[in-house]
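S.K.: Model the following, please.
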Amino acid sequence: MSSKPPPDKGPFLTDRLQALLWPAPVTINARERLRIVAGAALGILFAAVLSQWLAGAWTIAGPWLIAPLGATTVLVFAASAGPMAQPWAAVGGNTVSALVGIACVLVIGEPLPMVAAAAVSLAIATMLALRCLHPPGGAVALTVALLGVDDFVFALFPVALNTLLLVLAGVAWHRVNGRRYPHSQQPARPAVGEIPSRFSSADFDKALSRYNEVLDVSRDDLENLLRQTELNAYQRLFGGLRCADVMSRNAVTVQFGESLQDAWSLMRSRKIKALPVLDRTGRVAGIVTQADFLRHADLDRRDGLGERVRDLVRGSGTLVSSKPEVVGQIMTRRVRVARDDRPVVDLLAAFSEDDHHHLPVVDGDGKLVGILTQSDFVRALARVIEPDEAR
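M.R.: I've put the predicted structure just below:
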């Protein structure tokens, strides 16, 4: 009985390993790379020269510059938007890590591997508790343990002073280049008229809590990034669609002087909730909706509402009447319209946030050519996202 040879997994494993080990491309241009490199050079130079001068002025023996400052430089100048690169994270993280490392040297003493493990792990725990997690802080704690530093002054000089000088240089460099640093937390708020997001901040926070991992990107930056991504997707999906492409062309309309009874009968027979009101030139003078009828029939009184609506639409048969008789007397005069060549994506906010259900569509001369409804939006969405199924 013969058996088939096992499938060749070589290419599959190679692809998996490449996906795991090969880094993603850095999406910055050459100018930004040069700005980072130049800033890092100037920042470390500023901190080193001033620290060396102060060490001589204060006649301090021992190191005047710490090696982990190089890692802090990478964060402050190359990843300045991340929470681990902010001033409190940098200065606080390095300083408390040095203090923890010195305490471990004094309390544990020997063996050295035990001191190193305790210093790094307790430094991480302290940084997490003080909300100043800074990766170079682990290197600071390890450096203190390996050197056997037992003087708490070391945490102030060179550790705290080195980091503070570097952060000040980072603040100045980013400000000169028009960048925000410190990178303050700014909640994501859609601009006026901007397309609203389908997720709320509470939804985002719930997702973060389930993710349950430390992210080297601020919460608000990540939320803003997701909202901008969603906006870009809207633009990609709907950017080519105009109102004329999705509107209902055979809009049912009434004239300003149309009787309420005729207008109400038309809405009921055609099963529509709004009628654009046109003047003699075919331009939109207003819009009349079921809500307009109910409002004039005293909607707040629940008893006998149907009878009051019938009394409202029933003509009085007299020349002078104390109640409305024609559409123009109850219509909404201030009506929002859309041009037929306007992108559909521009009107998503009007339908989702401004409580619009119908928008009359006009041509370049202001004459009605159709009406855009929420149903039209749903059909357009289905046609864009699932074009084959929408046909």
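S.K.: Would you mind finding the longest helix in this structure?
M.R.: In the chain, with assignment by DSSP state H, the single longest helix is helix 30-57.
S.K.: C-terminal to it, what's the next element?
M.R.: The helix or strand immediately downstream of helix 30-57 is helix 69-78, counting by DSSP states H and E.
S.K.: residues of that following helix that come out buried?
M.R.: Using 16 or more other Cβ atoms under 10 Å as the test for burial, helix 69-78 gives L69, A71, T72, T73, L75, V76, F77, A78. (Glycine included, C-beta is placed from N, CA and C.)
S.K.: Report the residue ranges of every domain in this structure.
M.R.: The chain resolves into domains spanning 20-176, 244-315+322-390 when parsed by automatic domain parsing.
S.K.: Deepest in the core, which of these is it.
M.R.: Among the domains of the chain, the stretch with the highest mean neighbour count (mean count of other Cβ atoms under 10 Å) is domain 20-176, at a mean of 18.
S.K.: Measure how far that one is from the centre of its chain, please.
M.R.: Its chain's C-alpha centre and that of domain 20-176 lie 31 Å apart, by Cα atoms, centre = their mean, to the nearest Å.
S.K.: just stretch 343-360 next, same as before
M.R.: 21 Å.
S.K.: what's the first-to-last distance across that stretch?
M.R.: End-to-end span of stretch 343-360 (Cα to Cα, to the nearest Å): 14 Å.
S.K.: which secondary structure elements does the longest helix of the chain contact?
M.R.: Packing partners of helix 30-57 (3 or more Cβ pairs under 8 Å, 6 or more residues apart in numbering; DSSP states H and E): helix 69-78, helix 161-176.
S.K.: Quick check: the residue nearest the centre of the chain vs A380, distance?
M.R.: Residue closest to the average C-alpha location in the chain (Cα atoms, centre = their mean): N224, at 2.2 Å. Look at N224 and A380: by Cβ to Cβ, to the nearest Å, they are 27 Å apart.
S.K.: A251 now?
M.R.: Separation of A251 from A380 (Cβ to Cβ): 17 Å.
S.K.: For the stretch 201-350 of the chain, which segments count as strands?
M.R.: Secondary structure of the stretch 201-350 of the chain (DSSP state E, counting those that start in this stretch): strands located at 254-255, 274-278, 284-289, 338-339.
S.K.: residues in contact with R280?
M.R.: Contacts for R280 were tallied using Cβ atoms under 8 Å, 6 or more residues apart in numbering; they are Q255.
S.K.: i'd like the first residue to be 31 from this point on
M.R.: OK, 31 is where the count begins now, so the last one is R310.
S.K.: What score does it have for pLDDT?
M.R.: For R310, the pLDDT comes out at 85.
S.K.: Tell me the one of the buried residues of helix 99-108 nearest S151?
M.R.: Nearest to S151 among the buried residues of helix 99-108, counting by Cβ to Cβ, is A101 at 18.3 Å.
S.K.: didn't the closest one look like it was pressed against P165?
M.R.: Yes. Look at A101 against P165 with Cβ atoms under 8 Å: they come within range, at 6.5 Å.
S.K.: Next one: V104 from T193, what distance?
M.R.: In this view, V104 and T193 are 13 Å apart by Cβ to Cβ.
S.K.: er, L99 I mean
M.R.: On the measure of Cβ to Cβ, L99 and T193 end up 7 Å apart.
S.K.: same thing with G345?
M.R.: 84 Å.
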